[in-house]
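> Let's see this in three dimensions:
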Amino acid sequence: MSMLCERDTNHNTEADNVNAIVDDWRNGAMQVFGATTRFVRYLEVFEEFDRGNNKLDRQNLRQALNHMKIFPTRSQIYSMLKCGSECSERDTDDFITFGEFCVFASDLEEHYEKSSALNHSCEIPNAADPRFHHSTTQRPRSSSSIPKFKVFLGGSCNPTTWRKDIAIPMLEEYNLSYYNPQVESWSHELIAIEDDAKERAELLLFVIDSSTRSVASLVEAAYLSGGGRPLVLVMKGLPTEVDNERISENELKDLKHSHAFLCDMVERQWCPIFEDLKIALHCAAKVLHQGLHMSQLTSEDRAQPVKHPTLKVGDKLRQIREVFDEFDRDSRSRISLSNAFLAIRAVTGKDLAFPAYDQIVASCAESGDKTDLDFNEFCCLVTEYKHYEPPPTSKGAFSRLVSSIYRWLSTFTIQSVPREVVQLKTDVFLGGTCLDTTWREEIAIPCLERHGLSYFNPKVADWSMSNIALEAIAKDTSLYLLFVISATSRGIASMIEVAHYVGQGRKVVLCIQHMKHGLCVYGEKLTERAITDYNRARSYLADLTERRGLALYDDIQETIDALVQKLQMEHTRQT
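From the prediction side, this is the model:
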């Protein structure tokens, strides 16, 4: 019999539950408070994946949530870690505690249940969505004699050999036709032929290998995912050396950010990201042979499923922290047990009696212990109270206490029900190069303010991976997306973003400046090979932008002037 079943058998009465809670309190284990946090699943799952460290890091957190049939995106995981660090006032954001895990898991489970009840399968993007329709201004399809086939083998090319060594033999074994764009000598004229091949393919396999920068492939994959194309993306890791040139720490950081942006965009289409090419090919074959959507792949396929990728995480934990701080009157980062129950009423809106309250108070009176909780313990108690329903005959001293102060509590300044976040639309998102640039402060913002136009500025002093989700919301609520790819930075992540939103058919205004040889970034001189790679990606981005009928600029002031004119026309039409 499993440990969970044993616990359920041994603790299936209210009295046993109370006794276990009091025992935990006496032993100093004040993290767990009842049937939900202890006996149902949270503690058992946490202890299975915490490796005895009483905390979950990024990898273990995702594994623990997956075990509970919760499938967050990478950016949602980063957001949880960052939020936990901020709310618990830790210096590090590389783990979460048990109390924080309880809040995140219960909040996500509740959202999953609501979505399932409402049958929100329509959230999954598909090519029929109007925002994925291709512009009629695209380059006409080539008149080449390329036959229709199943898989386009995109991604990293020379000097990689993954196509002939692994992909092609496996596709032939699965009886799937393919198009291989890898040639000995690539030229710009091949773009049209490759575009035609991509249009004819039923599925696009893109492998970002760790032996090349693959910047143009990153941009290309972002564009195709934005267009809702069936995409199997394999991320093999970051390069440490390209063409016998060592990748610097600064460039590696830029590449890491760019990979994170691409993964987030693909996962927002409900598509899993792969690290193993053979597993990806197996899943591609299953999708094609069975007519599945990529989101229908499961853990049994050895895929990493993604569900509800646009769900914003962290609001509940922040709300709990706000309430905790209100009752932490002397700023000790602890609140009394009696205040904790008042705070729970403010968080949940519930007027319930906690079963072990009287016993804990009596126990503390005997031992001289203080009845107070830190934030982690309070999170556990909130989670328990969220689910706990007392028996109809349960009448405790605290129940009478709550009843007597109900009227006072109803006038409390903190909202008893979580407030709905109202997302206000802005005129423009100021995307693009941040490093060593002042175009936002000196050109864009003054011009926008002069014309009474609103904006969102993503430039921050201390950027982290958790910003990806926040910026995605800001882009979704902006009328126009402005991107400046300056000549003074690599601009990888920005090019990936642009390509994705161009693929979606969003209103994009774009300025692209090519890098000049001899350029220094972060005080490091870029090699000729590096500049060639980054300029090739700029050329690819410029080409696909023009094919979608979008204006392209290379002067920042001219770009801002064009943006203002477009926005003024939009406002005129709306009035």
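
> show me where the stretch 351-500 of the chain has helices.
When assigned using DSSP state H, counting those that start in this stretch, the helices of the stretch 351-500 of the chain occupy the ranges 357-367, 375-387, 397-410, 439, 445-450, 467-476, 492-504.

> What helix or strand is the residue most central in space within the chain located in?
Central residue of the chain (C-alpha atoms, centre = their mean): residue 75, 2.5 Å from the mean position. Secondary structure assignment for residue 75, by DSSP states H and E: helix 74-87.

> Which other helices and strands does that helix contact?
helix 58-67, helix 98-118, helix 249-267, helix 315-327, helix 467-476 (3 or more C-beta pairs under 8 Å, 6 or more residues apart in numbering; DSSP states H and E). Where C-beta positions appear, they are placed from N, C-alpha and C, glycine not excepted.

> contacting residues around residue 230?
Residue 230 sits next to 202, 203, 204, 287, 294 when contact means C-beta atoms under 8 Å, 6 or more residues apart in numbering.

> one more time with 6 Å, if that's ok
Contacts of residue 230 were listed using C-beta atoms under 6 Å, 6 or more residues apart in numbering, and they are residue 203.

> With residue 56 instead?
Per C-beta under 6 Å, 6+ apart, neighbours of residue 56: 50, 64, 96.

> pLDDT below threshold where in the stretch 301-450 of the chain?
Applying pLDDT under 70 to the stretch 301-450 of the chain flags residues 350-371, 387-424.

> quick one: strands adjacent to the helix or strand where residue 509 lies?
According to DSSP H and E, residue 509 maps onto strand 508-512. Applying DSSP bridges, strand 508-512 is found paired with strand 478-485 (parallel), strand 552-553 (parallel).

> deepest of the ones you listed, which one?
Among the strands paired with strand 508-512, ranked by average contacts under mean count of other C-beta atoms under 10 Å, first place goes to strand 478-485 (a mean of 23).

> who's in contact with it?
So strand 478-485 is contacted by 426-433, 439, 491, 494, 498, 501, 506-512, 556, 563 (C-beta under 6 Å, 6+ apart).

> Tabulate the strands paired with strand 508-512 (TSV), appending mean pLDDT.
Output for these, formatted as TSV (pLDDT from 0 to 100):
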stretch	mean pLDDT
strand 478-485	97
strand 552-553	96
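
> in stretch 56-64, what counts as buried?
56, 57, 58, 60, 61, 62, 64 (16 or more other C-beta atoms under 10 Å).

> Could you check how far it is from the centre of its chain?
15 Å (C-alpha atoms, centre = their mean, to the nearest Å).

> is it true that residue 285 touches residue 172?
No. The criterion here is C-beta atoms under 6 Å, and residue 285 misses it with residue 172 at 11.2 Å.

> Compare these two (neighbour count), which wins?
Set residue 285 next to residue 172 and count neighbours by other C-beta atoms under 10 Å: residue 285 wins out with 19 against 11.

> in the stretch 151-300 of the chain, which spans are strands?
151-155, 178-179, 203-208, 231-235, 241-242, 245-246, 273-274 (DSSP state E, counting those that start in this stretch).

> Show me the shaky parts of the stretch 101-250 of the chain.
118-146, 186, 188.

> In contact with residue 307: list those residues for me.
Counting by C-beta under 6 Å, 6+ apart, the residues that residue 307 touches are residue 71.

> sec struct for it, please.
coil (DSSP: H, G, I helix; E, B strand; the rest coil).

> Could you measure from it over to residue 554?
42 Å (C-beta to C-beta, to the nearest Å).

> Same check on residue 196?
29 Å.

> What are the buried residues along stretch 488-496?
For stretch 488-496, burial by neighbour count (16+ other C-beta under 10 Å) applies to 489, 490, 491, 492, 493, 494, 495, 496.

> which strands and helices sit next to the helix or strand hosting residue 567?
Residue 567 belongs to helix 556-574 when assigned by DSSP H and E. Applying 3 or more C-beta pairs under 6 Å, 6 or more residues apart in numbering; DSSP states H and E, we find helix 556-574 packed against strand 508-512.

> downstream neighbour of the strand it packs on in the secondary structure list?
That would be, after strand 508-512 and using DSSP H and E, strand 520-521.

> The helix or strand just after that next one pairs with which strands, and in what direction?
Going down the chain from strand 520-521, the next helix or strand is strand 524-525, by DSSP H and E. Partners of strand 524-525 in the sheet, by DSSP bridges, are strand 520-521 (antiparallel).

> Now do the strand it pairs with: distance to the chain's middle.
Worked out by C-alpha atoms, centre = their mean, strand 520-521 lies 30 Å from the chain centre.

> Show me what it is in contact with.
Here strand 520-521 has contacts from residue 489, using C-beta under 6 Å, 6+ apart.

> give me that answer again for 7 Å
Contact with strand 520-521 is made by 250, 489, 490, as judged by C-beta atoms under 7 Å, 6 or more residues apart in numbering.

> Kindly reformat those as JSON lines containing distance to residue 476.
Converted to JSON lines, the contacts of strand 520-521 look like this (distance: C-beta to C-beta, whole Å):
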{"residue": "250", "distance to residue 476": "30"}
{"residue": "489", "distance to residue 476": "25"}
{"residue": "490", "distance to residue 476": "26"}
